[in-house]
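# sequence first, then the predicted structure, then my questions.
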Amino acid sequence: MTFWHFALGRLTWNSLVFVRAWRDPTLSEIIGGCAGGIAVLGALSLFGLITLLGKWRYLWTVWFTSLDHKKIGIMYMVFAGVMLARALIEAFLMRTQQAVAINNPGLVAPDHFAQLFSTHGTIMVFFVGMPLLTGLINFAMPLQIGSRDVAFPYMNSISLWLSVGGGVMMMASLVLGQFSTGGWSGYPPYTELAFNDGVGPDYWIWSVSLSSLGALMSGINFAVTIYKFRAPGMGWMRMPLFTWTSLCTAILMIFAIPPLTVATLMLAADRYLDMHFFTNTLGGDMMNFVNLFWLFGHPEVYILILPPFGVYSEVVAAYSSKELYGYTSLVIATMAIAILSFTVWLHHFFTMGQSAGINSFFGIMTMAIAIPTGVKIYDWIWTMFWGEVRFTTAMLFSLAFMVTFVIGGMTGIILATPPLDYMMHNTLFLVAHFHNMLIPGMLYGVIAGYYYWFPKAFGFRLSETWGRIAFLCWAPGFYLAFMPLYVLGAAGVARRTQELFDPAFRPWLIAALLGAALLLSGLASLFIQLYVSIRQRHTMQVPVGDPWDARGLEWSMSAPPPEYNFAVIPEVHGRDAFYALKKSQAAYKPSNRYEDITLPKNSMCGLLVGLSMSACFFALVWHIWWLTILGFTVAIGTVIVRSFMRDVDRIIPAAEVAAQDRRWLERVGAAVPIPRQLELSPANEGLADVRND
């Protein structure tokens, strides 16, 4: 073994995407080289800008080492936003390839195209959907239940940095080596060593493993927080709907993610240790992988959609100026969806030869899960009925979701019928279905929640004008991008097809490309909205903290909230606790029992564990064994050392808490109550006028 092989493993000059583009300057390789260059230049520019502004100390002390659930939630969202930009650009490139590749090789080679749909799917599920929703839950849920933090703040930090580490590996695959060509599901035997001996499947295995470990710990954290840290008087049937959906999501994470982790580790054992769990010889059975993966994969659909259901419940009630209709039925429907999600996974392989009895059972269960989902739609409609509906950006996205989700759900019933699924399963019809159901359901919910809770997080509202522009791009964009795919799928066009041969498909593919361009414009509009809002923040400040005349406890404090959330833990006497206080004129009252508050100190341990595990898994991809051992040792050592630390908390004196709370109450007293009709005007300082209710 040479020194360089020991030091760098399988890494060579040819592993660099730029070198490959130089040696083989085809259009496909040049596009790959440009993508890698953008990733490197983007990272260098960001590092340079932070250095130029002298913000490293600020980021380290205020953000990177923080154990505050609100800041961790915001960092999740920022990370997911970066990954969403990459995933949408890749989607646009795929649509461009298919639109031009009619009896034509197009822009990218087949292997490159396979990498695109693999990275796009993997990023959207594991590094966009999961962190976006984990970020929203992290930020809002503890505030909604009257808690100062999540149950395990240190573990929360580890979860964040493991997820970020997986995302960094995804970005590294743009520059070093290549990503998997096996799709987001990584089916063997195609991803076995005999058929794919490159680093691509290894990148997929270890990046997904990092993400799943972080998500599993988040699920445990959220469940314990909701079980044990609710405010006095907040019984189960007094929790906000977003908290209910967060709880069911946490339970799904705890029970659904281990099968994925087991499946990826068994696949790794096949590739690294010459095991034969999923090979097509020596006793292996790839269907074991398929069952394990979809035992995770279909509950994962509801991990991604249940928190948005909670967001829509909060948004529709707030912007309809009404109590949420059918609260009990919504809770029951949420729990029913969580349970039924474990009974439908086999519909993902109706084409693989099960008996008619098995297919019938799973087809019926798939249709049955539509019932509690329909209950939710009807409850939201009845909440709006005779309400004072305000068509804000968040409400517009909520309404667009309802229409789009119902359409996607009806096509889901088609695919739940085994004979029809047998015909449609491997076509673009299936792609259109889940992109008209799961993806807008998740993204529209996140955008609505982002708009709704942003003033609480940062103390100023987002630009309504740019929010509406973004909506006018997203809503038509999804229809234009994916409705043509229903037609193409019904005509028999297989999904994951790099080149087509029938010119009659061209108009539909061009329409889908225009839709992808609209979606990319929608994302750009959200970034512009954020920039414009920051520039105009002085005219949109809402320091009192209740700009929407909302109902939950998270609106009962200043915006942004203090690091300890509540000066005094509230006592809950019913649903919509803060709204009841406002109606009875009991809100915004000083307390006579301020106490010292204990909070966790900042810690670098979570960041160190995440970085060292990322280094360990990156080294496993490239067979750099010394770095594998070093990274794993540092991670375990950090956990052990942290367990012996005793000076991990700090105390905020009661006098400081009281002074900060009274300053905020003085600001409340000086603010002018604003009716709902003026909530988008500069006069809105976050104090709702409840006299017009």
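Cool, the structure landed.

# from here on, just use CA atoms for contacts and neighbour counts.
OK.

# list the residues that contact residue 407.
For residue 407, the contacting residues are 436-437, by C-alpha atoms under 8 Å, 6 or more residues apart in numbering.

# what helix or strand does it sit in?
In the assignment (DSSP states H and E), residue 407 maps to helix 393-415.

# elements contacting the following helix or strand past that helix?
Scanning forward in sequence from helix 393-415, with DSSP H and E defining helices and strands, the next element found is helix 418-424. Using 3 or more C-alpha pairs under 8 Å, 6 or more residues apart in numbering; DSSP states H and E as the contact criterion, the elements in contact with helix 418-424 are helix 356-368, helix 393-415.

# for residue 626, which of those is the nearest?
helix 356-368 (47.3 Å; C-alpha to C-alpha).

# give me the contacts around the closest one.
Outside of helix 356-368, the residues within contact range by C-alpha under 8 Å, 6+ apart are 340, 343-347, 350, 413, 416-418.

# likewise stretch 468-482?
Looking at stretch 468-482 with C-alpha under 8 Å, 6+ apart, the contacting residues turn out to be 393, 396-397, 400, 431-432, 435-436, 440, 511-519, 521-523, 525-526.

# again, only using 7 Å
Contacts made with stretch 468-482 from outside it, assessed by C-alpha atoms under 7 Å, 6 or more residues apart in numbering, are listed as 393, 397, 400, 432, 435-436, 511-516, 518-519, 521-522, 525-526.

# buried sites along it?
Of the residues in stretch 468-482, 468-475, 477-482 count as buried by neighbour count, 16 or more other C-alpha atoms under 10 Å.

# just give me the closest of these to residue 303.
For the buried residues of stretch 468-482, the closest approach to residue 303 (C-alpha to C-alpha) belongs to residue 478, at 21.5 Å.

# now do that closest one against residue 472, distance only.
Residue 478 sits 11 Å away from residue 472, taking C-alpha to C-alpha, to the nearest Å as the criterion.

# ditto for residue 562
Here residue 562 is placed at a distance of 35 Å from residue 472 (C-alpha to C-alpha).

# weakest of the helices and strands packed on helix 418-424 by average pLDDT?
For the helices and strands packed on helix 418-424, the stretch scoring lowest in mean pLDDT is helix 356-368; its value is a mean of 88.

# I'd like the next helix or strand past it.
In the C-terminal direction, the helix or strand that comes right after helix 356-368 (DSSP H and E) is helix 370-384.

# packing partners for that following helix?
In this structure, helix 370-384 packs against helix 286-320, helix 327-340, with contacts taken as 3 or more C-alpha pairs under 7 Å, 6 or more residues apart in numbering; DSSP states H and E.

# mind doing that once more with 10 Å?
Contacting helix 370-384 under the criterion 3 or more C-alpha pairs under 10 Å, 6 or more residues apart in numbering; DSSP states H and E are the following elements: helix 286-320, helix 327-340, helix 393-415.

# re the thing from before, could the buried residues of stretch 468-482 go into JSON lines alongside pLDDT and distance to residue 176?
Putting the buried residues of stretch 468-482 into JSON lines (pLDDT from 0 to 100; distance: C-alpha to C-alpha, whole Å) gives the following:
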{"residue": "468", "pLDDT": "96", "distance to residue 176": "40"}
{"residue": "469", "pLDDT": "97", "distance to residue 176": "38"}
{"residue": "470", "pLDDT": "96", "distance to residue 176": "35"}
{"residue": "471", "pLDDT": "97", "distance to residue 176": "37"}
{"residue": "472", "pLDDT": "96", "distance to residue 176": "38"}
{"residue": "473", "pLDDT": "96", "distance to residue 176": "34"}
{"residue": "474", "pLDDT": "96", "distance to residue 176": "33"}
{"residue": "475", "pLDDT": "94", "distance to residue 176": "36"}
{"residue": "477", "pLDDT": "95", "distance to residue 176": "33"}
{"residue": "478", "pLDDT": "94", "distance to residue 176": "33"}
{"residue": "479", "pLDDT": "95", "distance to residue 176": "36"}
{"residue": "480", "pLDDT": "95", "distance to residue 176": "35"}
{"residue": "481", "pLDDT": "94", "distance to residue 176": "31"}
{"residue": "482", "pLDDT": "94", "distance to residue 176": "33"}
